[in-house]
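A.B. asks: Need a 3D model of the sequence below.
(2 chains)
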Amino acid sequence: MEIWDQLGEWLANLIKTILGALNLPLDWNIVVLKLIGVVTVATFGLLLVILLTWIERKVAARFQDRFGPNRAGPFGLLQAIADMIKLITKEDITPSGADKIAFNIAPILGVVSVLLIWAVIPFSSVWFGTEINVGVLYIAAVGSFGVISILMAGWSSNNKYALLGAFRSVAQLVSYEVPLFLTLLVPVLLGRTMGVNGIVKAQDTWFVILAPLPALIFFISSLAEIGRTPFDLLEAESEIVAGFHIEYSGMKYAMFMAGEFLHAFTIAVLTAILFFGGWQGPGAAEFPLLGLIYLFAKSFVFYFLVIWIRTTLPRVRIDHMLAFNWKFLTPLSLVLLMVTALLEKAFEADALRIPVLFGANLLVLIITVQILRIVSKRQQRELKTFEPRPVAVPPPAEEVSA
Amino acid sequence: MLDNWLFIGLFVLIAAVFPATPILINYFIIPRKPNSIKQDTYECGVETVGETWVQFKVQYYIYALVFLIFDVETIFLYPWAVAFDQLAFFAVVEGVIFILILGAGLVYAWRKGALEWS
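C.D. replies: Okay, the predicted model is just below:
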């Protein structure tokens, strides 16, 4: 711990000395110090993408009984860099009739919306970009930028497939934001703060134990937010070729991909932070590095889960997907929010708080499953009373011979 | 406090510069050999028919409206959740009533058929 503190102090002093030598007014010192922090976090986020593409391709390949990238470098680790070199030298095609401004801004905005979330993520007890008191609201707000980027890309491409992909994405992302925001409220309520680091500090018992169902709903609706299988209707290859980014090539396309990979990892990090204790773990408060390791270990478990789901499940139909959101996830998260709020108040500072909240979630789960069973039985009965379609009867033999 | 928001402000700038840089490098080093076929709209190799900005289903619009109602009302719940410790039990019940009204809105939209994809 002391080594890290001393190292940080030494670095801060070094920077201050250099700035002092430059003889700038005091306010600029703060700006430059902040800027160094910003560049560190942002670079970290973007460098992560190189690792993530490799992990994703390798793991997905294993699921499909392949080897995945294994030519460039040891274990194919340099594959992402090779791809970068290829993409950066590729001709950039702007389709005729495209809206140039929106067409060029969209990929940048796509990365910005994801990268901005990393500004408030606490990596360990003392390492975080910044701690603002409306952290969760900030995450929700900047996360919604992604929709605008997708709509801009689809609209400006002068391509019907791109436009259809953009419309689908707006319906999907916007719908799944409702259960996402509602379940985001549960950790805020349990932690009594909107600061992200505050929520992590409040998790002496992980919130997933107090609220297992909200954690699950949060994860599912986050999956829909990143537009991965089974919710990848916005870029369904077999229906609308590639959706909103069909006309993009070269580095602009790469930026969309980078944003997507980083977003997939970001939701894994957010799940770990909001429900699975973030950097919390034995000895994490004393040793910041240990906290970082804990956070990333948890995050990679969820990232693995995201890839697992992606490689296993087929794509759902759009009406099923929206019905699943509006008729199942949203009512369920409303009920869970009410139950959590009432019980949290009734058993405040009570030893029974944890078992009662967990039991309540279990009870809600059982009731939900029962309701679903009744509904599906009724639907099956309706299907059985359906008139059978007439079967084609072959014409009499004489007519055929005549 | 203001320092934290300075961080966010700088982050917005840097987050825009980072993805813009490779795109700019790309712009300067790429070969440029445009022709009309290459820049055609790519719709599975078939020539595109008619206007691109086609009419779309009104259902998208209805979903957007329902979303707007829910989103705005959920925002009101965040301060309630943060101030949970200071609230009396009755205030919590009030919050629950607010959520119930939200639920009633959902039931209304459901009954009206706004949630059907037809």
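A.B. asks: what ranges of chain B fall below the confidence cut-off?
C.D. replies: Within chain B, the segments meeting pLDDT under 70 span B:1-2, B:43-45, B:118.
A.B. asks: In it, which helix is the longest?
C.D. replies: Among the elements of chain B assigned as helix by DSSP state H, the one spanning the most residues is helix B:2-29.
A.B. asks: Run the contact check for that helix versus chain A.
C.D. replies: Yes. Residues of helix B:2-29 are located near chain A by C-beta under 8 Å from any C-beta of the partner chain, namely B:3-8, B:10-12, B:14-16, B:18-20, B:22-23, B:25-27, B:29. Using the backbone N, CA and C atoms, a C-beta is placed for each residue, glycine as well.
A.B. asks: What's the separation between A:Trp308 and A:Ala60?
C.D. replies: 9 Å (C-beta to C-beta, to the nearest Å).
A.B. asks: so what's the most far-flung residue of chain B relative to its centre up against?
C.D. replies: Distance from the C-alpha centroid of chain B peaks at B:Lys33, with 36.9 Å (C-alpha atoms, centre = their mean). B:Lys33 makes contacts with A:Glu91, as judged by C-beta atoms under 8 Å, 6 or more residues apart in numbering or on different chains.
A.B. asks: what are the ranges of the strands in chain B?
C.D. replies: In chain B, no strands are defined using DSSP state E.
A.B. asks: Check the spacing between A:Arg315 and chain B real quick.
C.D. replies: Distance, A:Arg315 to chain B, using C-beta to the nearest C-beta, to the nearest Å: 15 Å.
A.B. asks: Touching, that residue and A:Arg228? I think so.
C.D. replies: No. The pair A:Arg315 / A:Arg228 is not scored as a contact, 10.2 Å apart, by C-beta atoms under 8 Å.
A.B. asks: Which one's more surrounded, these two?
C.D. replies: Neighbours per residue (other C-beta atoms under 10 Å in any protein chain shown) separate A:Arg315 from A:Arg228, with A:Arg228 holding more: 20 against 15.
A.B. asks: Assumed the more buried one was part of a strand.
C.D. replies: No. Under DSSP: H, G, I helix; E, B strand; the rest coil, A:Arg228 falls outside any strand and is assigned coil.
A.B. asks: Number of residues surrounding the closest residue to it other than its chain neighbours?
C.D. replies: Using C-beta to C-beta, 6 or more residues apart in numbering or on different chains and skipping residues adjacent in sequence, the residue nearest A:Arg228 is A:Arg310, 5.1 Å away. Residues lying near A:Arg310 (other C-beta under 10 Å) number 20.
A.B. asks: tell me the contacts of A:Arg310?
C.D. replies: Applying C-beta under 8 Å, 6+ apart, the residues contacting A:Arg310 are A:Ala60, A:Arg228, A:Thr229.
A.B. asks: does the last one really touch A:Ile307, like I thought?
C.D. replies: Put plainly, it is A:Thr229. No. The pair formed by A:Thr229 and A:Ile307 falls short of the contact definition of C-beta under 8 Å, at 10.0 Å.
A.B. asks: Tell me which of those two has more neighbours.
C.D. replies: Set side by side, A:Thr229 and A:Ile307 show more neighbours around A:Ile307, with 23 against 19, by other C-beta under 10 Å.
A.B. asks: tell me the secondary structure for that one?
C.D. replies: Quick answer, by three-state DSSP: A:Ile307 is helix.
A.B. asks: Which of the helices or strands spans the residue lying closest to it once chain neighbours are set aside?
C.D. replies: In space, A:Ile307 comes closest to A:Val59 once its chain neighbours are excluded; the distance is 4.8 Å by C-beta to C-beta, 6+ apart. Using DSSP states H and E, A:Val59 sits within helix A:26-63.
A.B. asks: Pull the distance from that helix to the chain's centre.
C.D. replies: A distance of 16 Å separates the centroid of the chain from that of helix A:26-63, by C-alpha atoms, centre = their mean, to the nearest Å.
A.B. asks: what about stretch A:103-111, near chain B?
C.D. replies: Yes. Stretch A:103-111 reaches chain B (C-beta under 8 Å from any C-beta) through A:Asn104, A:Pro107, A:Ile108, A:Gly110, A:Val111.
A.B. asks: do the same with stretch A:244-263
C.D. replies: Yes. Interface with chain B: stretch A:244-263 contributes A:Ile246, A:Glu247, A:Gly250, A:Met251, A:Lys252, A:Ala254, A:Met255, A:Ala258, A:Gly259 (C-beta under 8 Å from any C-beta).
A.B. asks: Just these: which are in helices?
C.D. replies: Reading helices off the residues of stretch A:244-263 next to chain B with DSSP H, I get A:Gly250, A:Met251, A:Lys252, A:Ala254, A:Met255, A:Ala258, A:Gly259.
A.B. asks: Please enumerate the helices of chain B.
C.D. replies: Counting by DSSP H, the helices of chain B are B:2-29, B:58-82, B:89-111.
A.B. asks: can you put the ones you listed in CSV and add mean neighbour count?
C.D. replies: Listed next are the helices of chain B as CSV, based on neighbours: other C-beta atoms under 10 Å in any protein chain shown:
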stretch, mean neighbour count
helix B:2-29, 16
helix B:58-82, 16
helix B:89-111, 14
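A.B. asks: Redo these as TSV? Include distance to A:Leu185.
C.D. replies: Shown next, in TSV, are the helices of chain B (distance: least, C-beta to C-beta, whole Å):
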stretch	distance to A:Leu185
helix B:2-29	22
helix B:58-82	5
helix B:89-111	10
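A.B. asks: how far away is A:Lys34 from B:Ala15?
C.D. replies: 14 Å.
A.B. asks: Kindly apply the preceding question to A:Gln280 instead.
C.D. replies: From A:Gln280 to B:Ala15 the distance is 28 Å (C-beta to C-beta).
A.B. asks: hey, where'd the strands end up in the stretch 1-150 of chain A?
C.D. replies: For the stretch 1-150 of chain A, no strands are identified by DSSP state E, counting those that start in this stretch.
A.B. asks: Residues of the stretch 201-350 of chain A that sit close to chain B?
C.D. replies: Counting by C-beta under 8 Å from any C-beta, the stretch 201-350 of chain A sits next to chain B at A:241, A:246-247, A:250-252, A:254-255, A:258-259, A:318-319, A:322-323, A:326-327, A:330-331, A:334, A:337-338, A:341-342, A:344-346.
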